[in-house]
Every structure is written in structure tokens, then in C-alpha cells.
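Q: Here is my input, please return the structure:
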Amino acid sequence: MTVVTALLSVVALTGTACTGDEAEPDPDTSQAGSSSATAVEQSGAGSADATSSDTTGADASVAFPADTEDDVEASTGQVLFTAIRVGRQDGFDRVVWEFSGDGQPGWRAGYTDTPSREGSGDPVTLPGEATLAVTIEGVALPVDSEVPGIPYEGPAVVSAGDTELVTEVLVGAWFEGYQDSFVGVSAQAPFRVYRLADPTRIVLEVRQG
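A: Alright, predicted model coming up:
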């Protein structure tokens with residue numbers, strides 16, 4: 001699928017234009033790498049290749065700061081979860097959660113030896129030697145939400161064939177304002193999490209070495 005076709009697919013799904021260069025990175029994303037690799041986007045009505053709006057376009061040869069410690073950021077307001085993408089970049093793999101609405105979602109991300117679902121406590125098993133639990137805060141329940149947008153209705157398990165570190169992503173369920181997700185990783189590699197705007201996204205990058 002071409003980039004142009006992918007962008008047209010996203011426009012058709014969301015009803016909004018997507019320029020591909022609208023990202024508003026936070027200060028810690030200045031060293032994020034660019035890539036020509038494809039990613040898998042899953043939304044409520046299908047999939048498309050899309051990576052251009054999820055990168056700042058900086059030099060991919062510069063290693064970005066990352067570690068294996070827990071990462072936490074608070075939320076403000078509410079958003080609606082609409083799409084997820086997984087893809088390989090130069091030297092790292094990226095997972096992107098996309099949202100509609102004016103809120104600023106927060107997150108709790110970290111490696112866990114006992115991954116389990118929010119609410120039910122059911123254990124989670126994914127391929128790989130390690131699992132990153134990513135709990136996104138400030139997510140509205142679609143059936144009760146007044147946040148505009150098309151809620152995510154894609155598959156529960158998402159992957160991309162070319163990733164080197166991320167094996168699969170389990171898209172979890174909503175529970176009391178939280179959206180849980182689990183990222184299988186081939187080894188406990190350094191990672192970082194940050195937020196992008198227009199549209200609102202939370203980006204997880206798992207780095208080699």
C-alpha cells in the first residue's frame with residue numbers, strides 16, 4: 001500500500017485531513033529517528049500503512065535516551081482511543097496509540113514479570129522474553145463518551161512483520177478511565193514514552209542496546 005493510499009484511508013475513517021507532518025513533539029522527542037519502514041495501523045474500520053506523522057524526522061543515527069525504568073505521566077481531560085500502529089524504525093521499534101478529543105492522556109509504562117488485565121486480573125501471555133505493561137489514563141468509555149471520534153474496534157492483538165524487538169501488542173480493555181495494553185518484547189530492552197499532538201498520540205519506542 002502506498003503512503004498516499006494510506007493517508008486517504010485514514011481521512012476516510014476519521015473524516016479529518018492528515019498532512020503527515022503535523023506532529024508536535026514534546027521536548028524529549030528531538031532525537032527520535034525517521035524511517036521509511038511501514039507500520040500496521042488498526043482502527044475501527046480497517047488498516048493502513050502510516051508512519052510519517054509519528055516521527056520528528058531527526059537523524060536516526062543519533063541514539064535517543066532510554067532505560068528500563070518505569071515511566072509515568074499524568075492525564076488531563078478525556079480522550080477516545082481510536083487507532084494503534086506498530087512498526088520498525090532505524091534501531092528501534094515503535095508502538096503508537098492514537099486518540100480523539102481535547103484531553104491529554106497520561107500513562108504508566110514498565111516491565112512486569114506478572115502481566116495481568118486491569119479489572120479482571122486475568123494473566124497475559126505474549127511471545128518474547130519480556131512484557132511491557134502500558135496503562136493509558138484519561139480514556140473515555142465509548143458508549144458513554146461525548147468525545148467525538150470513531151472508537152477503536154480493531155483486533156485485540158496487533159503486530160508488524162518487520163519489527164525486531166516488539167513481538168505483539170495486546171490491546172486491552174477500558175476499565176474505570178484506564179486503557180490497558182501489553183507489549184511483548186524479545187528481551188528487556190531500553191524504552192521511552194512520549195506524547196504527540198494533532199492528532200493526540202502516545203508513542204512507545206523500544207530501543208536496541
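Q: pLDDT at Asp144, what is it?
A: In this model, Asp144 is scored at 75, pLDDT.
Q: Need phi/psi at it.
A: Backbone torsions of Asp144, given as degrees, to the nearest 10, read phi -110, psi -10.
Q: Name the residues of stretch 80-96 that are buried.
A: 80-89, 91-96 (16 or more other CB atoms under 10 Å). C-betas here are computed from N, CA, C, even on glycine.
Q: Let's see which of these end up in strands.
A: Among these, the ones falling in strands (DSSP state E) are 80-88, 92-96.
Q: now the strand or helix carrying Tyr194, how far from the centre of its chain.
A: Taking DSSP states H and E as the criterion, Tyr194 maps to strand 191-196. From the chain centre to the centre of strand 191-196 is a distance of 9 Å (CA atoms, centre = their mean, to the nearest Å).
Q: Pull the number of nearby residues for the nearest residue to Gly103 once chain neighbours are set aside.
A: Excluding the flanking residues, the one nearest Gly103 by CB to CB, 6 or more residues apart in numbering is Gly77, at 2.8 Å. Neighbours of Gly77 under the rule other CB atoms under 10 Å: 12.
Q: Gly121 now?
A: Quick note: Gly121 (other CB under 10 Å) scores 8 neighbours.
Q: What of the one 10 residues further on?
A: Residues contacting Thr131 under the criterion other CB under 10 Å number 22.
Q: thinking again about what came up before, would you agree the residue nearest to Gly103 is in contact with Gly106?
A: No. Gly77 is beyond contact range of Gly106, at 10.2 Å (criterion: CB atoms under 8 Å).
Q: anything in contact with each of the two?
A: Common contacts of Gly77 and Gly106 (CB atoms under 8 Å, 6 or more residues apart in numbering): Gly138.
Q: how about the closest residue to Val185 other than its chain neighbours, what does it touch?
A: By the measure of CB to CB, 6+ apart, the closest residue to Val185 outside its immediate chain neighbours is Ala130, 4.5 Å from it. With contact taken as CB under 8 Å, 6+ apart, Ala130 is in contact with 111, 184-189.
Q: Tell me which two in those residues are the farthest apart.
A: Tyr111 and Ser186 (12.8 Å; CB to CB).
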